[in-house]
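Visitor: Provide a 3D model corresponding to the input given below.
(chains A and B)
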Amino acid sequence: MFEVIKFSKKSKARLGIIKTFHGEIKTPAFVPVATKGTIKALPQIFFKEIGIQLAFVNTYHLVNHPGAEIIDKAGGIHKYANLNLPLMSDSGGFQVFSLAQKKRVKLRNDEETILVKIEEDRVVFRSNFNNKELEFTPEKSIDYQIKIGADLVMAFDECITYPTTYDYAKKATQRTHSWLLRCLDYFSKNKKNYQYIYGIIQGSVFEDLRKESAKFVINQPVDGIAVGGVSVGESKEEMRLAVNWISDYLPKDKPVHLLGVGRIDDIIDLVVYGIDTFDCSEPTRIARTGWLYQINDENNLKDFLTIIDIEKNIYKENFEKVDQKCNCYVCQNFTKAYLHHLFKEKEILASVLATYHNLYLMERFFEKIREEIANDKL
RNA sequence: CCAGGGGUGGCGGAGCGGUCAAACGCACCUGGCUGUAAACCAGGCGCCCUUCGUGGCUGCGCAGGUUCGAAUCCUGCCCCCUGGA
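Guide: Next up, the predicted model:
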């Protein structure tokens, strides 16, 4: 399922290939987020020309709408959403974090309710979509993911909030471990024949917990390793340490995914620890809010991309291409002034073009990363 | 000419004696966005201040007046809208 083609002589970075039923993925690779079964604002027909290799869908959201059964009936998420590429599905573990962060939400009658309740053997969500209770157990998460039918599924974990205490982090990490065993058990008995499962390392910002978690996960019969609980508010140093600490434990014959990291500098700093895939909502989200990647120095990975805010007035009469050095459809055909106008007017096309462009450059960025690893420069 | 309605900050539009530098929306400006409750969110938005404040000044068509106090009440003027001759 996974094969390393080349290890860098300079770092733990590696070139690899993940083989799935729906296609092969050259790694390191970026995984655009398609939470509800769509990379927001981007029609599927563009995936290929952008170079998108795989995408990341979310169990929590899809279970709420349209429901795992519907997707199952439709023949799986690939068919249902016309996503003809390898897919990863998140387990809902991140929502344990992201919805718990908000803790309470006001109902119409002014009462407050808790969005997430974490128990030893399950998590109860108060759905933010329809306000119904929604129970996630490791078995349920996996069952949903099997029905959704992504190629690569994530074990159900608890993404620990930051900051946290050592004691809580330890307890939560152990809980994630016991959940992993339940996930693996259920998965092995019920999975679709093409599906693989990733176990998730937690441990928050504590070295011994991270290492302990890494050892535990790696010793289970998982197909891939994911690193979670990162980019939740901790400092960049803490994030780098969290990955560095476990980098020596990472297996060479299994793909390693870093959950939720997609900022340019973070990717550069973390790919050298042996990360193969990165999913992140950032490129598509900032695209929709007017931030565009721009090639800064195409010969220097560290300076490869910068960000411009296309809504700034300086672009109002800037009739240059969006990015002089970019070959994408957007940059070949539209000016900054026009993009500026689309954003100011909140035209839907603004999101479409910006998303296209950002993902295009993200793919070029990862091509550059692969090239650097091939040349032992990274 | 008669009858009625109205003129509020860049725009729309609340307020109708004090708690009003004036709701709310739009526009504008500044930030933010890392396993997406996100075509989003937060803050600012009369002028002034080496003190950023229960600070000073100006202010609700124009000019006066009543009042301790007026965007709010009164008088005159100017302008706009609707209906009628």
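Visitor: Show me how far the host helix or strand of residue A:372 is from its chain's centre.
Guide: Under the criterion of DSSP states H and E, residue A:372 resides in helix A:348-374. For helix A:348-374, the separation from the chain centroid amounts to 15 Å (computed by Cα atoms, centre = their mean, to the nearest Å).
Visitor: Now do the helix or strand where residue A:79 lies: everything it contacts.
Guide: Under DSSP H and E, the secondary-structure element containing residue A:79 is helix A:77-80. Helix A:77-80 is touched from outside by A:22, A:37, A:57, A:62, A:70-71, A:74, A:83-85, A:87, A:89, A:148-150, with contacts defined as Cβ atoms under 8 Å, 6 or more residues apart in numbering. Every residue, glycine included, has its C-beta placed from N, CA and C.
Visitor: what's the closest of those residues to RNA strand B?
Guide: Taking Cβ to the nearest atom of the strand as the measure, residue A:57 is the one of the contacts of helix A:77-80 closest to RNA strand B, at 7.8 Å.
Visitor: returning to that earlier point: most neighbours among the contacts of helix A:77-80, which one?
Guide: Neighbour counts for the contacts of helix A:77-80 peak at residue A:150, which has 30 neighbours (criterion: other Cβ atoms under 10 Å).
Visitor: right, and the pair among the contacts of helix A:77-80 with maximum separation?
Guide: Farthest-apart pair in the contacts of helix A:77-80 is A:70 and A:85; separation 20.9 Å (Cβ to Cβ).
Visitor: Contact residues of the stretch 101-250 of chain A facing RNA strand B?
Guide: Residues of the stretch 101-250 of chain A that fall close to RNA strand B, judged by Cβ under 7 Å from any atom of the strand: A:102, A:105, A:115, A:128, A:154, A:157, A:159, A:200, A:226, A:228-229, A:231-232, A:236, A:239.
Visitor: Buried among those? Need that as a selection in PyMOL.
Guide: Selection of buried members from these for PyMOL, criterion 16 or more other Cβ atoms under 10 Å:
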select buried, chain A and resi 115+128+154+157+159+200+226+228+229+231+232+239
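Visitor: By pLDDT, give me the weakest of the residues of the stretch 101-250 of chain A next to RNA strand B.
Guide: Least confident entry in those, by pLDDT: residue A:105, with 51.
Visitor: And the strands in the stretch 201-350 of chain A, which stretches?
Guide: Secondary structure of the stretch 201-350 of chain A (DSSP state E, counting those that start in this stretch): strands at A:224-227, A:256-258, A:277-280, A:291-295, A:305-309.
Visitor: State the paired neighbours of the third one in the sheet, together with their directions.
Guide: On the basis of DSSP bridges, the sheet neighbours of strand A:277-280 come out as strand A:29-32 (parallel), strand A:256-258 (parallel).
Visitor: What about the contacts of helix A:77-80, which are in strands?
Guide: When strands are assigned by DSSP state E, the members of those inside them are A:57, A:87, A:89.
Visitor: Closest one of the residues you listed to residue A:343?
Guide: When the ones in strands among the contacts of helix A:77-80 are compared for distance to residue A:343 (Cβ to Cβ), residue A:57 wins out at 27.2 Å.
Visitor: residues touching the closest one, list them.
Guide: Residue A:57 touches A:34-37, A:77, A:81, A:83, A:87-90, A:148, A:150, counting by Cβ under 8 Å, 6+ apart.
Visitor: Residue A:348: neighbouring residues, count only.
Guide: 9.
Visitor: Enumerate every residue touching it.
Guide: Contacts for residue A:348 (Cβ under 8 Å, 6+ apart) come out as residue A:41.
Visitor: picking up where we left off before, mind checking the strands of the stretch 201-350 of chain A for the one nearest to residue A:342?
Guide: When those are ranked by distance to residue A:342, counting by Cβ to Cβ, first place goes to strand A:291-295 at 11.7 Å.
Visitor: low-confidence ranges in chain A?
Guide: Counting by pLDDT under 70, the low-confidence segments of chain A come to A:102-113.
Visitor: go with 50
Guide: Per-residue confidence of chain A (counting by pLDDT under 50) places the weak regions at A:106-111.
Visitor: residue ranges of the helices in it, please?
Guide: In order along the chain, chain A carries the following helices (DSSP state H): A:47-50, A:59-64, A:68-73, A:77-80, A:93-102, A:138-148, A:166-190, A:207-218, A:236-247, A:264-271, A:282-288, A:329-333, A:336-344, A:348-374.
Visitor: Ok, which of those comes nearest residue A:30?
Guide: If you check each of those against residue A:30 by Cβ to Cβ, helix A:348-374 wins as the nearest, at 5.0 Å.
Visitor: near RNA strand B, anything from the closest one?
Guide: Yes. Legend: contact between helix A:348-374 and RNA strand B by Cβ under 7 Å from any atom of the strand is shown at A:348, A:351.
Visitor: ok, back up a step: for the residues of the stretch 101-250 of chain A next to RNA strand B, name the two members farthest from one another.
Guide: Of all pairs drawn from those, the one with the largest separation by Cβ to Cβ is A:105 and A:236; the distance is 30.5 Å.
Visitor: gap between the nearest residue to residue A:269 once chain neighbours are set aside and residue A:99?
Guide: Here the nearest residue to residue A:269 in space, its sequence neighbours aside, is residue A:240; by Cβ to Cβ, 6 or more residues apart in numbering that works out to 5.6 Å. Look at residue A:240 and residue A:99: by Cβ to Cβ, to the nearest Å, they are 27 Å apart.
Visitor: now swap in residue A:255 and tell me
Guide: Using Cβ to Cβ, one gets 28 Å for the distance from residue A:255 to residue A:99.
Visitor: So for these two, which sits in the more crowded spot?
Guide: Here residue A:255 and residue A:99 are compared on neighbour count by other Cβ under 10 Å; more neighbours surround residue A:255, at 27 against 20.
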